[in-house]
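K.L.:
Have a look at this prediction, sequence included:
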Amino acid sequence: GAGVSQSPSNKVTEKGKDVELRCDPISGHTALYWYRQSLGQGLEFLIYFQGNSAPDKSGLPSDRFSAERTGGSVSTLTIQRTQQEDSAVYLCASSPSPSYNSPLHFGNGTRLTVT
Amino acid sequence: DAKTTQPNSMESNEEEPVHLPCNHSTISGTDYIHWYRQLPSQGPEYVIHGLTSNVNNRMASLAIAEDRKSSTLILHRATLRDAAVYYCILRDMNYGGATNKLIFGTGTLLAVQP
């Protein structure tokens, strides 16, 4: 079946511009996670959604970062006034539930380059 | 959150077994041991998880020490496609309903030689 889909796969933007990254989770998955991975680094948690609400936003690095999820499905991560340090691969994952027994299914990410 | 310790890198030969170790000396009684791997230019993928007993699936086996302070992911016959970063992660079964995010460390980079 269809996996987690992220778009665009690559995005190049100029410093100071806003960007929107999209995640289409697997149908029926209520839990949705955003991570980012800087070059050669591990994955850094950003935000978690259960349905349309975000009970854990603890990983968002600044108020320039925001995310929403509508209809319990598609999620958008928005970065305002992008900075060069925002360059990274942004990964989305979904899961049937947040249970320890529910594996996360990851998309292949959006590679963001801020010039 | 309880932490895990893994070697930075390992090498294996194709068609030989690979044993990837993970130490988690501060594991709590409610922590499950999860393994994910990340192939080049892809998102991580789930491999296996377990609590106390050894576990087997089509991808790998998970051997858990009796005191649960360490575990080993076993790939029975490594292929070139198994070259990836392998992450050992603890996940609490009692997450309180708020979140149960995975916290990734730096993992083990496995190189497979033909």
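P.N.:
Nice, thanks for sending it over. Residues are numbered from 1 along each chain as shown, chains lettered A, B, ... in the order given.

K.L.:
Which residue, neighbours along the chain excluded, lies closest to whichever residue of chain B sits closest to chain A?
P.N.:
As assessed by C-beta to the nearest C-beta, chain A sits closest to B:Gly43 within chain B, at 3.0 Å. Backbone N, C-alpha and C define where each C-beta goes, glycine included. Once flanking residues are discounted, B:Gly43 sits nearest to A:Phe106: 3.0 Å by C-beta to C-beta, 6 or more residues apart in numbering or on different chains.

K.L.:
ok, A:Leu32 - contacts?
P.N.:
The contact partners of A:Leu32, by C-beta atoms under 8 Å, 6 or more residues apart in numbering or on different chains, come to A:23, A:25, A:48-49, A:69, A:75, A:92-95.

K.L.:
among these, which are within reach of chain B?
P.N.:
Residues of those in contact with chain B (C-beta under 8 Å from any C-beta of the partner chain): A:48, A:93.

K.L.:
among the contacts of A:Leu32, which are in strands?
P.N.:
Residues of these located in strands (DSSP state E): A:23, A:48-49, A:69, A:75, A:92-95.

K.L.:
Strands of chain B, residue ranges please.
P.N.:
Assigned by DSSP E, chain B shows strands spanning B:9-13, B:18-23, B:31-38, B:45-50, B:55-56, B:61-64, B:70-75, B:84-92, B:108-113.

K.L.:
For the last one, give the mean pLDDT please.
P.N.:
Going back to what we said before, that points to strand B:108-113. Averaging pLDDT along strand B:108-113 gives 97.

K.L.:
Any residue of it touching chain A?
P.N.:
No: Strand B:108-113 stays clear of chain A (C-beta under 8 Å from any C-beta), getting no nearer than 10.5 Å.

K.L.:
Please identify the buried residues of that strand?
P.N.:
Neighbour-count burial for strand B:108-113 flags B:108-110, B:112 (criterion: 16 or more other C-beta atoms under 10 Å in any protein chain shown).
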